[in-house]
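*Asks:* What follows is a predicted structure for the sequence shown.
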Amino acid sequence: METPIRLIIADDHALFRQGLKSLLQLQTDIEVVAEVERATELGSILANTQCDILLLDMQMDRWMMDDIPQLAKVTSVIVLTASESGENGVQALRLGARAVVHKRFAIETLMTAIRTVAEGLVWMPPTVQAEFAAQGSSTSKRLTARELEIVRFVAIGLRNAEVGERLAISESTVKTHLNNIFQKLTVRDRLELAHYAIKTGLVAVIDQNR
């Protein structure tokens with residue numbers, strides 16, 4: 001049996017937190033290892049509890065946006081929010097969150113986000129994708145269609161050989177494209193490229209154009 005995805009739920013509304021926990025515990029691949037009611041408790045809980053993902057209510061007993069960079073150093077952060085603002089979602093992702101999920105969404109959407117993040121990827125709702133796309137469109141115009149495809153595959157963690165297999169091109173051709181991309185975007189390596197793609201919205205632009 002595979003190890004379940006270990007979650008911590010941080011939300012100051014007891015009914016929401018307990019209801020979410022009950023729904024998540026119905027999933028065979030999920031384990032809720034802790035609940036947090038107050039922002040001040042988060043540090044100690046994370047320090048003493050092994051978890052894969054933190055489900056973080058953006059508005060607990062205080063606004064949590066500024067806490068994301070530090071929390072993201074410890075675990076993968078999925079932001080739960082009642083806000084419809086795509087701009088807030090973009091900011092959360094740029095600060096280090098791996099997904100943004102609106103509280104009005106069905107549990108199936110949250111499960112998709114959790115499993116996507118557990119695989120090391122980023123998940124975002126349409127409003128955030130649109131905001132990212134608007135911000136990333138000028139950058140995407142500097143890249144060819146093939147270069148955009150390669151950026152997307154690099155951003156989701158594929159190696160050069162795997163990118164080559166997906167695109168039916170040689171690994172050396174992938175390397176050539178990457179060198180051109182690095183020069184155009186002034187990034188140094190694959191990791192910096194992946195971060196750049198997420199922060200500037202290139203991933204959202206590519207996904208919407210598929």
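*Replies:* In hand now; what should we look at? These figures come from a predicted structure and were not determined experimentally. Residues are numbered from 1 along each chain as shown.

*Asks:* what's the helix or strand for Val79?
*Replies:* Element membership of Val79 [criterion: DSSP states H and E] is strand 76-81.

*Asks:* C-terminal to that strand, what's the next element?
*Replies:* Next along the chain from strand 76-81, counting by DSSP H and E, comes helix 86-94.

*Asks:* Show the pLDDT at the nearest residue to Glu162 once chain neighbours are set aside.
*Replies:* Leaving aside its sequence neighbours, Glu162 sits nearest to Phe153 (C-beta to C-beta, 6 or more residues apart in numbering; 7.3 Å). Quick note: C-beta positions are derived from backbone N, CA and C, even for glycine. Listed pLDDT for Phe153 reads 88.

*Asks:* if you skip the residues just before and after it, what's nearest to Met60?
*Replies:* Per C-beta to C-beta, 6+ apart, closest to Met60 is Asp12, 4.5 Å.

*Asks:* How about the secondary structure of the one you found?
*Replies:* coil (DSSP: H, G, I helix; E, B strand; the rest coil).

*Asks:* That one contacts Thr40, correct?
*Replies:* No. With contact defined as C-beta atoms under 8 Å, Asp12 does not reach Thr40; the gap is 11.1 Å.

*Asks:* Looking at those two now, which is surrounded by more residues?
*Replies:* Higher neighbour count among Asp12 and Thr40: Asp12, with 15 against 11, using other C-beta atoms under 10 Å.

*Asks:* Report the residue spans of the chain with pLDDT below the cut-off.
*Replies:* 1, 130-141, 199, 201, 203-210 (pLDDT under 70).

*Asks:* Spatially central residue in it, please.
*Replies:* Centrality entry for the chain: nearest residue to the mean C-alpha point is Arg98, 2.2 Å, by C-alpha atoms, centre = their mean.

*Asks:* Surely that one and Val122 touch.
*Replies:* Yes. Look at Arg98 against Val122 with C-beta under 8 Å: they come within range, at 5.5 Å.

*Asks:* just so I have it, where are all the strands in this structure?
*Replies:* Ranges of strands in the chain, per DSSP state E, are 5-10, 30-36, 53-57, 76-81, 99-102.

*Asks:* packing partners for the third one?
*Replies:* Translated: strand 53-57. strand 5-10, helix 68-72, strand 76-81, helix 107-118 (3 or more C-beta pairs under 8 Å, 6 or more residues apart in numbering; DSSP states H and E).

*Asks:* again, 10 Å this time
*Replies:* Contacts defined by 3 or more C-beta pairs under 10 Å, 6 or more residues apart in numbering; DSSP states H and E place strand 53-57 against strand 5-10, helix 14-24, strand 30-36, helix 42-48, helix 68-72, strand 76-81, strand 99-102, helix 107-118.

*Asks:* Understood, closing this out.
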